[in-house]
Structures are given as structure tokens and as C-alpha cells.
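Q: Okay, sequence plus prediction incoming.
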Amino acid sequence: MRNKLLSVLLLAVMITGIVPTAATATDSEILYQWNLSVHNSKSADVATLEYYRLPEYMVNSDDADTINLALSITADITSDYEKVRAIHDWVAENIWYDIDSQITGSTHVLNTRRTVCHGYANLTAALLRAAGIPSKVVSGFALGVSGSPADFYNVSETTANHAWNEAYADSRWIIIDTTWDSNNKYANGVYSKQAACKQDYFDISLADISKDHRYLDYTDYDLINGLIIDKKTNEIHNMTDVISYKESMIEIVIPDGVISIGIYAFQNCNNLRRVFIPQSAKSIDDWAFSICPNLTAIFIPYSVTHIGTNVFWRSPNVVLYGNAGSYTEAYAKEHSLPFIAEMPNDVVENPSTWALAEVNTAVTAGLVPQSLQSKYSQAITRAEYCSLAVALYEKYTGEEITERKNFDDTNDVDVEKMAAVGVVSGVGNNLFDPNANLTREQAAAMLSRLAEAIGKPLPKRAATFSDNPLISSWAFECVGQVQAAGIMRGIDNNIFAPKDPYTREQSIITMIRLWNKVDIG
């Protein structure tokens, strides 16, 4: 990518006939074009945005104190852009730069209020994500922090000395640097505030930030099914310290196209149970599935012809599945591992990348019936949604619902339970239409009524979606409640799409969000 960018710049000079002097292809112009190419590589699809709302290593947006603070900072603010500004100002005003505070996890920073730039960026991202706003921690090289101007203008340099953020608001990634907008310093036991926080680096333009910030190239990796995959080598990278929610991974379907499972790739995935490796894979590297105590089945295709050292070390329950006569069978025999000559004809569909962490958290929490732990992207029915609602209600209250309300077209016990406690009321004429697809506005209404039924009603707020007029009058208040609570969001461009079907994975993640809200509250 670097060579391509420099070639393009030089080609432009040749085409225009301009001599490449300092006034044309200057270092600053090359650096700006570099930053532009990296910045513009960012995706803004629904899956990517949802992923950047999730907690990850050092960005603990699921921490209760972080959630409560984010909600407090953004209370009564409806615009995502202004929420970003409010969180930027709070961090810049309340966190102190301390060169000796090298522990930069967001919860540590929130507790101590002292850190360096990476801590500022991690806490900023955690608060933004806790407020429902996609945010990235960006690593790069800042002029004047360390190194020389030559290092700064060298776009091939891969060393980072600074971190800042990007947040998605107003349908774009905006750039913010809370460290450089903070005037707070801590040294030798003394707190000093030189002035109030600035907003010089809030929504700063790419041209302006390129004067003293250079992005590192992070375009060589894809995020697929929650896995970091090198686009050049098609290798899965070590997940340790990259995606914290690996701990909630239960079943992994590695996408087709992956050639290698890298060293330490899934080490310490404590809850991982089953892994499906694609036909494209050729090797499983050293320690890849070590210390996975609950791993019971790994399906390895005939294409794999190398399995490294200590791949299954301290994974005592693993059984290798593969083809008879395969390299995997020989490896299992050599290492005294159980082997079954069997490969699945059909792999149970995994949740989408953006839903993976929250779905697995909900499954682990016991909020997802076994019947809904597959085909996550298909539309959920009205009766199936009732089974999710019953699971949350009975787990939260600690009591089984004994009352029943009957309908003429179903004897589903979960439907009858939810009707009895007032969460559902049917479609008229004592009918429920159990097999109909649940719509988004119906889901919002059920979530709101479920919160009320367990004694945790959601605050009343008006919906602020661009398609508000399309929301049915009976659901309008409920949509506003779940939107304000951060339980349901729009699908894109602030559109709610009230009549669209709701999927199983969407249903599950909104149920775990409601659970987290009432359980924390």
C-alpha cells in the first residue's frame, strides 16, 4: 500500500510535467495523502459499526461504572455528534496526563484519573461505546512527542508514539484527540490545570490533523466472524490482547479462504467448545488451541497437512474430527489424541461478526433457549421471541410464571406466559399469529413491556428516527424508550424501519442489552 501510494504521487508529477520540488511533492503533501488513504479505508457498514460498539481489550465499555458515567454525561442529549462532544469534553477536563501512569486500560484510567495518551484514547472509546456510539482507538506517530521530523514524515515507519480516536456520528468518522485537548498535567504528586479543556482536536479535519499526526497502516487486516485475518497471508492472528470477547466465544466457524491458523491464535479461549475449520486451510500452527479447557470438538478437513507443536496443550477434552486416512488421523494417533472419522455435512450458522460477542454472552448467561442457538440471521417469529422474553423474566425474578392466557391459534406455553404478565396481547379476535415474523416495532413494544413487567420500566422518551411517521401509534412511545435506553438502534442513516422483520441475533442482542440494563440498574 505504501509503495502504491508513493508511486501514484510520483506518477501525478510526471503526468503534469511539474518538477518534483519542495513546493509540489512535499513531505507534508505525501503524508496528507497517506493519512487520507488510511482514513478512507474505514468501513461504515452495519456490521463494522456494531463491532465498534462492543467492548474489547483495554476498552471496557461493558463496565458498570463506565456505562453509568456515559449515560450521565449524555443525558438529555439526542444527537450522536453532541454526545461525542460531551464525552470528549469530559475526558479532556477530568483526566490528567501522567507520564508515569503506563497502565492504560479504560477502567484503570477511570478509577485513577491519570494516564498517558493511550489511556485517554481507551477511556474515550469506552465511554463512546457505552453511549452506543461506534469508536476506534487509532495508533500513530505524533510530531513533537518523540523521534524526529524525519520519522514523522516517513510513512513507511511503523512505530507508534501516540493514540487518538475516531467516532462515527453524522454518518461519518470524525477525528478527536482528547489528550491534546486536555490541559491537565500530573507530576511529582502535583496536579496542575493550565486552562480549561480545548476543542482544537474535536472533529478536526484530516488536513489539519495531518500537520502533526500520522496514521499507522491498519488496512492489511479484515475482521471476519470476530477473527483478525491477515489479508496478505490469509492467516488468523493471535487473538490474545486483540479481541477481549474471545472469552465468550462458544463455537467458531472459521470463514472459507483462511489458509493458516496462526500461532497462539485461540489460546486461553476458556469457553470455546467447537471449531469448524474450512477446506481452504492448510496448517494449524503451534499452540493455536492450547489452554482451551472446554474445547470438545474440532473439525479438521483433509486439506490440513500440518499441525504444529503443542497445538492442544492443556486442552484435555478435545476430540479431533476428520477424514479417514487424513493427516489429522495420523497426527491424532501420534499424539494419543481421540479421533473420530466424521465430518459435518452442515455447519450450524454462527452469529454475524457484529452480533457474536453479545449473542455468546446471552447464551452463557442462560438467556437463549437451545432452539434459538442456530440460524441466527433468519427472521424470528412472534412465538420464538416470547421464549426469549420468558427466559429473561424468569431468570431476573427467580420465579416461574404460573399464570396463563390462552389464544385460539396456539398452545405455546411461552406465549401464554407472556400474555399473562401483559407483555403480549395478540393480534385481535383472540388470535396471536405465533408463526408470523416479528417486526422491529413489535420487538420494541415487547421489550418495553417486559421491562415494566419485571418492575424496571424504561424512562419515557420520544423516538428521534428520521422515519418516525412510519411507526405505528401503539408502538411509538415504546420505540422511543428502547432507543433512549440504547437497547435498540436504527439500521442506518437514523432509519428505524418499524415494519421490517427482526432476526434471531438482533432479538438476542437486544435482550442481553435489556438484561444488562436492569441487572446493573
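A: Received, thanks.
Q: Next up, the contacts around residue 496.
A: 440, 441, 463, 465, 467, 468, 470, 471, 479, 483, 490 (C-beta atoms under 8 Å, 6 or more residues apart in numbering). Placement of C-beta: from N, CA and C, glycine included.
Q: Mind telling me the two of those farthest from one another?
A: 470 and 483 (14.3 Å; C-beta to C-beta).
Q: the more surrounded of those two?
A: Neighbours per residue, other C-beta atoms under 10 Å: of residue 470 and residue 483, the larger number sits with residue 483, 22 against 13.
Q: what about the closest residue to the more buried one other than its chain neighbours, how many neighbours?
A: Excluding its sequence neighbours, the residue lying closest to residue 483 (C-beta to C-beta, 6 or more residues apart in numbering) is residue 463, at 5.5 Å. For residue 463, the neighbour count with other C-beta under 10 Å is 23.
Q: Is residue 463 within a helix or a strand, and which one?
A: Element membership of residue 463, judged by DSSP states H and E, is empty: it is in no helix or strand.
Q: I figured it was touching residue 480, is that so?
A: Yes: between residue 463 and residue 480 there is a contact under C-beta atoms under 8 Å: 3.9 Å.
Q: all helices of the stretch 301-450 of the chain, in order?
A: Remark: helices assigned in the stretch 301-450 of the chain by DSSP state H, counting those that start in this stretch are 327-334, 356-364, 382-397, 413-420, 440-453.
Q: Residue 207: which of the ones you listed is closest?
A: It is, among those and with distance given as C-beta to C-beta, helix 356-364, at 35.6 Å.
Q: tell me what that closest one is packed against?
A: Using 3 or more C-beta pairs under 8 Å, 6 or more residues apart in numbering; DSSP states H and E, the elements in contact with helix 356-364 are helix 504-520.
Q: quick one, the helix it packs on and helix 356-364 angle?
A: 70 degrees (axes from the mean of the first three to the mean of the last three C-alpha atoms, to 10 degrees).
Q: list the buried ones in helix 504-520?
A: 504-518 (16 or more other C-beta atoms under 10 Å).
Q: Between these, which sits nearest residue 80?
A: Looking across the buried residues of helix 504-520 and measuring by C-beta to C-beta, the closest to residue 80 is residue 513, at 17.2 Å.
Q: For that closest one, which non-adjacent residue is spatially closest?
A: Nearest non-adjacent residue to residue 513 (C-beta to C-beta, 6+ apart): residue 487, at 4.6 Å.
Q: Confirm for me that that neighbour is in contact with residue 512.
A: No: judged on C-beta under 8 Å, residue 487 makes no contact with residue 512 at a distance of 9.6 Å.
Q: want to throw the contacts of residue 496 into TSV with pLDDT, secondary structure and distance to residue 450?
A: What follows is the contacts of residue 496, written out as TSV (pLDDT from 0 to 100; DSSP: H, G, I helix; E, B strand; the rest coil; distance: C-beta to C-beta, whole Å):
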residue	pLDDT	secondary structure	distance to residue 450
440	93	helix	15
441	94	helix	15
463	92	coil	18
465	91	coil	21
467	87	coil	24
468	90	helix	23
470	89	helix	23
471	92	coil	19
479	96	helix	14
483	94	helix	16
490	86	coil	21
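Q: Put the buried members of those into a PyMOL selection.
A: Provided next is the PyMOL selection string for whichever of the contacts of residue 496 are buried by 16+ other C-beta under 10 Å:
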select buried, resi 440+441+463+465+467+471+479+483+490
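Q: Tell me the one of the contacts of residue 496 nearest residue 401?
A: Checking these against residue 401 with C-beta to C-beta, the nearest one is residue 441 at 24.5 Å.
Q: what about the strands in the stretch 1-150 of the chain?
A: All strands of the stretch 1-150 of the chain, identified by DSSP state E, counting those that start in this stretch, fall at 96-97, 114-115, 135-142.
Q: Where among the helices of the stretch 301-450 of the chain is average confidence lowest?
A: If the helices of the stretch 301-450 of the chain are sorted by mean pLDDT, helix 356-364 sits at the bottom with a mean of 87.
Q: Same question for it: list its buried residues.
A: 356, 357, 358, 359, 360, 361, 362, 363.
Q: what about the helices of the stretch 301-450 of the chain, which gets the closest to residue 277?
A: Residue 277 lies closest, by C-beta to C-beta, to one member of the helices of the stretch 301-450 of the chain: helix 327-334, at 9.6 Å.
Q: Quick one: list the elements packing against the closest one.
A: Checking 3+ C-beta pairs under 8 Å, 6+ apart, helix 327-334 ends up next to strand 306-307, strand 319-322, strand 339-341.
Q: Of all the ones you listed, which one is nearest residue 293?
A: That would be strand 319-322 among those, by C-beta to C-beta, at 13.9 Å.
Q: What lies in contact with the closest one?
A: Outside strand 319-322, the residues that touch it by C-beta under 8 Å, 6+ apart are 296-302, 304, 328-329, 331-332, 337-344.
Q: now that strand, how far from the chain's geometric center?
A: 31 Å (C-alpha atoms, centre = their mean, to the nearest Å).
Q: Could you grab the helix/strand/coil label for the nearest residue to residue 439 once chain neighbours are set aside?
A: In space, and not counting its chain neighbours, residue 439 is closest to residue 499: 5.4 Å by C-beta to C-beta, 6+ apart. What DSSP: H, G, I helix; E, B strand; the rest coil gives for residue 499 is coil.
Q: Isn't residue 499 up against residue 443?
A: No: assessed by C-beta under 8 Å, residue 499 is found out of contact with residue 443, at 11.5 Å.
Q: of these two, who's got more company?
A: The neighbour comparison of residue 499 against residue 443 (other C-beta under 10 Å) goes to residue 443, with 28 against 13.
Q: What number of residues are in the vicinity of the spatially closest residue to the more buried one that is not a sequence neighbour?
A: In space, residue 443 comes closest to residue 502 once its chain neighbours are excluded; the distance is 4.6 Å by C-beta to C-beta, 6+ apart. Look at residue 502: counted by other C-beta under 10 Å, it has 24 neighbours.
Q: picking that back up, can you say which of the contacts of strand 319-322 are buried?
A: Buried among the contacts of strand 319-322 by 16+ other C-beta under 10 Å: 297-301, 304, 328-329, 331-332, 337, 339, 343.
Q: Residue 279: which of those residues is nearest?
A: Looking across those and measuring by C-beta to C-beta, the closest to residue 279 is residue 301, at 4.8 Å.
Q: ok, residue 254 to residue 312 distance?
A: Here the criterion is C-beta to C-beta, to the nearest Å. By it, residue 254 lies 16 Å from residue 312.
Q: thinking again about what came up before, could the helices and strands packed on helix 327-334 go into TSV alongside mean pLDDT?
A: Formatted as TSV, the helices and strands packed on helix 327-334 follow (pLDDT from 0 to 100):
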stretch	mean pLDDT
strand 306-307	96
strand 319-322	94
strand 339-341	94
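Q: which residues in the stretch 1-150 of the chain form helices?
A: So, for the stretch 1-150 of the chain - with DSSP H, counting those that start in this stretch - the helices run 2-16, 27-39, 46-51, 64-73, 80-94, 106-112, 117-130, 149-153.
Q: Quick one: mean pLDDT over the fourth one.
A: It stands for helix 64-73. In this model, helix 64-73 has a mean pLDDT of 94.
Q: The nearest residue to residue 400 once chain neighbours are set aside: neighbouring residues, count only.
A: Nearest residue to residue 400 in three dimensions, chain neighbours excluded: residue 394, at 5.6 Å (C-beta to C-beta, 6+ apart). If you count neighbours by other C-beta under 10 Å, residue 394 ends up with 15.
Q: ok, now which ones touch the residue nearest to residue 513?
A: By C-beta under 8 Å, 6+ apart, residue 487 lies in contact with 447, 458, 510, 513, 514, 517.
Q: Pretty sure it sits in a helix.
A: No: read with three-state DSSP, residue 487 is coil and lies in no helix.
Q: ok, it to residue 443 distance?
A: Relative to residue 443, residue 487 is positioned 10 Å away (C-beta to C-beta).
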